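Visitor: build the 3D model from these lines:
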Amino acid sequence: MKLRVSDKKKKIIKRFYKISLVLIGLIIVLFNDTFGKLEGFVEFIAFYFIVVFITIAYWLFKQIRAIIRLKHEKAKTELLHLKSQVNPHFFFNTLNNLYGMMEKDSKERQMVLKLSDMMRYSIYEGQKDWVTLKDELAYLQNYIELQEIRYHKKSDIQFNHQIEHLDSKIMPLLFIILLENAFKHGLENLEKEAYIHINLIANKKEVIFNIENNFDLHQTSLEGGIGLHNLKRRLALVYPKKHSLSFTINNTIYKAKLILKLY
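Guide: The predicted structure follows:
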């Protein structure tokens, strides 16, 4: 994964140099008009450029440190990911055997098929730096349909999406943590009138993921788990200053909102 200097930072550096040149020109004019000579001006210019050099060196040091940290975190994540892949071929072969043994059009057979698709995406696509919104959308839909088959209770689950460009690239498996929490802490603990409403809106500039669910105050802990911690860390590494993650709690209503900047 490569870190590039953003256009905004490039503009700031260019503007800094232009202002520096203008200031030097003004100082030369002032010295000429006031004293008619440039005594001490050479020392001033030397001191000025030393300050500029230190500022630029410090900025470059921060950029290099960020790149090294990102590579380290990525290597550690990949190592953990590889450790979790306990013979995936055996896993998928077993699922395929189960799928073939089950009756056609049965709920159990549908569950095995969707589970197989989800695991394949998580193992093979999840290790990539970027995936398309189209693939991520299909993964979320599979998860929702699998949960609907799993839970034998009446609930209101809505997934609305408006995506202008399905080929837009994002980091994989970002939204699933928020969706899993909505099922785990909401629908799973409610006997009736459970709901989960999801909205995914995407255009050229940003992706907005909103999710809202109700929950039982007496059975749900609102403390963030390891999933949310990892999500925040991944966002900080891959979308520094280009994301927003917020949570709102109002009585028994829980809302989460994730915004990703694509430019």
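
Visitor: pLDDT weak spots in this structure?
Guide: Regions of the chain meeting the criterion pLDDT under 70 cover residues 1-49, 51-53, 75-91, 220-224.

Visitor: let me see the domain layout of it.
Guide: What automatic domain parsing lists as the domains of the chain is 7-84, 86-125, 128-261.

Visitor: so His161, which of the three states?
Guide: Classification of His161 using DSSP: H, G, I helix; E, B strand; the rest coil returns strand.

Visitor: what are the boundaries of the strands in the protein?
Guide: Along the chain, the segments classed as strands by DSSP state E run 131-132, 155-163, 169-170, 194-202, 206-214, 243-250, 253-261.

Visitor: of all those, which one is nearest Phe61?
Guide: Counting by CB to CB, Phe61 lies closest to strand 243-250 out of the strands of the chain; the figure is 24.4 Å. For glycine as for every other residue, the C-beta is placed from the backbone atoms N, C-alpha and C.

Visitor: which stretches in the chain count as helices?
Guide: 7-35, 41-84, 88-101, 107-120, 133-150, 176-185, 226-238 (DSSP state H).

Visitor: which residues touch the spatially most central residue of the chain?
Guide: Centroid-nearest residue in the chain: Leu235, 4.0 Å away (criterion: CA atoms, centre = their mean). Taking CB atoms under 8 Å, 6 or more residues apart in numbering, we find Leu235 in contact with Leu174, His243, Leu245, Leu258.

Visitor: what's the distance between it and Ala66?
Guide: 15 Å (CB to CB, to the nearest Å).

Visitor: and if you look at Lys241?
Guide: Relative to Ala66, Lys241 is positioned 11 Å away (CB to CB).

Visitor: Leu115 now?
Guide: Going from Leu115 to Ala66 by CB to CB gives 38 Å.

Visitor: who has more neighbours out of the two?
Guide: Neighbours were counted for Leu115 and for Ala66 using other CB atoms under 10 Å; Leu115 has more, 17 against 13.

Visitor: the more buried one touches Leu95, doesn't it?
Guide: Yes. Counting by CB atoms under 8 Å, Leu115 does reach Leu95; the two are 6.8 Å apart.

Visitor: and the closest residue to Met102 other than its chain neighbours, what does it touch?
Guide: In this structure, Met102 finds its nearest non-sequential neighbour in Arg109, 4.1 Å apart by CB to CB, 6 or more residues apart in numbering. For Arg109, the contact set (CB under 8 Å, 6+ apart) comprises Tyr99, Met102, Glu103.

Visitor: so which of these is the closest to Leu137?
Guide: For the contacts of Arg109, the minimum distance to Leu137 (CB to CB) is 23.7 Å, reached by Tyr99.
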